[in-house]
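Colleague: Make a model of this:
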Amino acid sequence: GVKKEFFQLLSSKLFSPDFGMFRAIEGTNQLWFNPYRVDNYELIPDHNDDDDDMVEFMLVGALIGLSIYNGTLLNVQFPEAMYQILLG
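Modeller: Prediction:
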C-alpha cells in the first residue's frame, strides 16, 4: 500500500550511491558507509559541517527503525559485519 511505497521511495533515495552516504560493495548488492562521508567531511562539496552529516545518518537509522516498527521490509542489504557492529 501507500506505507510500503513511502518507505521504498525514501529508502531508494537515501541508500542510493548518488546520495553519497553509502557505497556499493563490488560484486555484491550490499552497501557500506562511504568512507569519505564518514571520515573526510571536507572532501564532500556542501557538507563541511559534521553535525549535518550526523543528522543524515540519524535519519537513516530512524527510517530503518520506523520500517521495522511498521512491518515494512526495505530492499537494502548490509554485510554481516554491519549487524555485528550494531549489536555490539
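Colleague: Okay, helices next: where are they in this structure?
Modeller: For the chain, the helices defined by DSSP state H cover 2-14, 35-39, 50-69, 80-87.
Colleague: pLDDT weak spots in the protein?
Modeller: Low-confidence segments of the chain (pLDDT under 70): 37-53.
Colleague: Which parts of stretch 4-16 count as buried, going by neighbours?
Modeller: Judged by neighbour count (16 or more other Cβ atoms under 10 Å), stretch 4-16 contains these buried residues: Phe7, Leu10, Ser11, Leu14, Phe15. (Glycine included, C-beta is placed from N, CA and C.)
Colleague: What is the burial count for Gly20?
Modeller: By the criterion of other Cβ atoms under 10 Å, Gly20 has 15 neighbours.
Colleague: I'd like to know which of the helices of the chain lies nearest to Arg23.
Modeller: The closest approach between Arg23 and any of the helices of the chain, judged by Cβ to Cβ, belongs to helix 35-39 at 7.9 Å.
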